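**Q** I'd like to go over a predicted model; first the sequence, then the structure.
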Amino acid sequence: MLSILLLLAFSGAAGAADLYVICHPGVKLLATEVRDMFLGEKQFAGSVMLQPADNNAAQPVFLEKILNMGADKYATAWTKKSFRDGLNPPPVKGTDAEAVDYVRRTSGACSYVSTLPGPGVVLIASL
Amino acid sequence: MSHLRVLCIGLLLGLAAGFSHAAEAPRPQAGEAERLSALEARLDANAQTIEQLCARVRELELQLAQARPGAAPPASAAAQAQVAAVPAAAPPAATAEQSARLDRVESDLAQITAASSASSSADRGLAIHGFADVGVGNHNVYTPDRHGATVGSIDFYLAPQLGERVKGLVEMNVEVEHDTGSVGIDLERTQLGYQFSEAATLWLGRFHTPYGYYNTAFHHGLQILTALRRPQFLAFEDQGGIMPPHTTGLWLTGLAREGEARVQYDLFVGNGQHIVAGSLNAEPAGSFSRQVVFGGRLGLRPGGAWSDLQIGLSAFSGRIDADDVALGETRVNIGGLYAFYDSDRWENQFEMYFFRNQSLHNGTGTHHSTAGFAQLGYRAGLFTPYLRYEHTALDQSDVYFASQTYGTSYHREALGLRFDLNLKTALKAELAQTHNTDRMPYSFSDLLFQAAVRF
């Protein structure tokens, strides 16, 4: 029983993150800029035009931990952004696999996933 | 797998203990005998199920052992004998078949994932969104001469992404004219833009003139406004506004960052405007004169603890002719300042404009006027009460104001409440007192209700 408890404790300390923010290789973005990007306030990283995508599977955690807002407020923010500035909200991918595939194949793409992604993407932040 | 075998054995021993206990119990009464028989039957059935499960466990263990590379054949011939109706050659074929099936499933999943991630909104057509509003009150929202229920407008907008850096924005408004009751259609905004960088986007077309905060943040969709209506002097041309809300021309806008602070700039130049039938006209078909209007705005969002605050200055200049007035051309110069505070709890706004207009032909010289408003809004869950004060002091010898139907000085106090029925539907109520202070001074009260939606 003690060995099981120790094993569980060790697993927690070694720590899988709840969320990984990833981008296409070549995107130079700070973790502190992720929020602005997903609210349409930051559209370029240097000369690279950013192409963020939401991930339906991990969105609740992302909204809570990065944007610090609920889904309603996020939807309203993008309605205003679209109506005022002609920007469209990020496309929504259904799963981690779709999000990773989108980021790998799209220049300037960024998204977030709940499991550590494999090669082909750059890890911007983990929470 | 060996743990499952131990579990099966334990269950069988438990059942056996139960039978023993029942056998040693005192002889039951007649009624209890039936219950005991039923329980025994259930125990028999459970014992059979457990035996079948144990056999299956042994079968899987055998397959696993044979599937491992270099694995030795099972040591116990008795264990093999307990695996019923399983041909000796079947396990390797079943494993190979399962592997092939898994490979096909993985391949299909990878293809579906790639296809789904590669699809984009551009492939699925263009989304049309919009707003609509209806109301009822003792007056029409824009004129005290009409009463009762009103149909406001239905406002469609499109924001097509026409390429990586090419943007479009179209806002088409179908509205009921508040003075005639007829239905009119306006292309309120039609602009195409190219985004060079974060610091520069160039728009061409008809856009909302960048002064203050209100005019470029709140367009023709009323659901997006906290209040029931725009400040009167900032209303659109056909609704009582005295400032040029639209410009047809070129608009350069961009953003610069310094740490957490952001500076936004706007520069525009457009067709010279006219006052026609008492209202400003942005000349979307081009201007007969070669005059232009031009101006700019500089805004600052400090960031940090003040990230919810935006402040700025604006300037507008242009020669505007009143078509119905002889010698009615004016050099209009408007300077403005604004502050907008938007947090989770508060939405507070302040804008002030200073007019220094020069009559160019009628010899009345330079005229000074002011216009401004302040609004406090408090977000309390689904309810947002607000308080607004509007004030204009417009020189009536200034032909720019004198030739406009709504160019009269006024002040208005309003108390209102917004209720968010859901994310897309807002119900609003406003109680207001308006005092017109020149031309024909008079006062009136409004009690207005509105339902505004977005889709």
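**A** Nice, I can see it.

**Q** contacting residues for residue A:103?
**A** A:22, A:23, A:24, A:53, A:109, A:110, A:111, A:117, A:120, A:121 (CB atoms under 8 Å, 6 or more residues apart in numbering or on different chains). In short, each C-beta sits where N, CA and C put it, glycine included.

**Q** average model confidence for the helix or strand hosting residue B:452?
**A** Per DSSP states H and E, residue B:452 falls inside strand B:442-454. Averaging pLDDT along strand B:442-454 yields 95.

**Q** around chain B, pick out the residues from chain A.
**A** Applying CB under 8 Å from any CB of the partner chain, we find that chain A lies next to chain B at A:41-44, A:47, A:49, A:72, A:75-76, A:79-80, A:82-88, A:91, A:93-95, A:97-99, A:101-102, A:105.

**Q** compare the contacts of residue A:103 and tell me which is most surrounded.
**A** Compared across the contacts of residue A:103, residue A:111 has the highest neighbour count, 32 neighbours, by other CB atoms under 10 Å in any protein chain shown.

**Q** isn't that residue up against residue A:54?
**A** Yes - counting by CB atoms under 8 Å, residue A:111 touches residue A:54, with 7.2 Å between them.

**Q** what is in contact with the two at once?
**A** Common neighbours of residue A:111 and residue A:54 (CB under 8 Å, 6+ apart) are residue A:93.

**Q** for the record, mean pLDDT for stretch B:138-153?
**A** 89.

**Q** ok, now which ones touch the residue positioned nearest the centre of chain A?
**A** Taking CA atoms, centre = their mean as the criterion, residue A:112 is the residue nearest the geometric centre of chain A, at 2.6 Å. Contact partners of residue A:112, counting by CB under 8 Å, 6+ apart, are A:19, A:20, A:21, A:22, A:55, A:58, A:62, A:66, A:99.

**Q** poorly predicted segments of chain B, please.
**A** B:1-31, B:64-94, B:116-125 (pLDDT under 70).

**Q** that one against chain A: which residues are in contact?
**A** So far as CB under 8 Å from any CB goes, chain B lies against chain A at B:109, B:113-114, B:116-118, B:120-121, B:129, B:157, B:159, B:161, B:164-165, B:167-169, B:191, B:193, B:195, B:197-198, B:216-217, B:219, B:221, B:224, B:262, B:423, B:454.

**Q** touching, residue B:433 and residue B:443? I think so.
**A** Yes - in this structure, residue B:433 is within contact of residue B:443 by CB under 8 Å, at 6.7 Å.

**Q** mind checking pLDDT for the closest residue to residue A:104 other than its chain neighbours?
**A** Setting aside the residues directly before and after it, residue A:104 is nearest to residue A:120 in space (CB to CB, 6 or more residues apart in numbering or on different chains), at 4.3 Å. pLDDT, residue A:120: 92.

**Q** ok, residue A:120 to residue B:399 distance?
**A** 67 Å (CB to CB, to the nearest Å).

**Q** all the helices of the stretch 301-450 of chain B, residue numbers only.
**A** B:399-402 (DSSP state H, counting those that start in this stretch).

**Q** contacting residues for the closest residue to chain A within it?
**A** Across the stretch 301-450 of chain B, the shortest distance to chain A (CB to the nearest CB) belongs to residue B:423, at 5.2 Å. Residues in contact with residue B:423 (CB under 8 Å, 6+ apart) are A:72, A:75, A:76.

**Q** isn't residue B:289 up against residue B:323?
**A** No - using CB under 8 Å as the test, residue B:289 is too far from residue B:323 to be in contact (10.8 Å).

**Q** overlap in contacts of those two?
**A** With CB under 8 Å, 6+ apart, residue B:289 and residue B:323 have no common neighbours.

**Q** circling back to that earlier point, which of the contacts of residue A:103 fall in helices?
**A** Applying DSSP state H to the contacts of residue A:103, no entry is found in helices.

**Q** just the ones in strands from these, please.
**A** A:22, A:23, A:109, A:110, A:111 (DSSP state E).

**Q** which residues of chain A score low on pLDDT?
**A** Chain A contains residues with pLDDT under 70 at A:1-16.

**Q** now do the helices in it.
**A** Under DSSP H, chain A gives helices at A:2-14, A:34-38, A:59-62, A:71-85, A:96-105.

**Q** can you pull the buried residues of stretch B:295-312?
**A** B:295, B:296, B:297, B:299, B:300, B:301, B:302, B:308, B:309, B:310, B:311, B:312 (16 or more other CB atoms under 10 Å in any protein chain shown).

**Q** what's in contact with the helix or strand where the fifth one lies?
**A** Here residue B:300, judged by DSSP H and E, is contained in strand B:292-301. Contacts of strand B:292-301 with the rest of the structure, by CB under 8 Å, 6+ apart, involve B:209-213, B:244, B:247, B:249, B:261-273, B:307, B:309-320, B:334.
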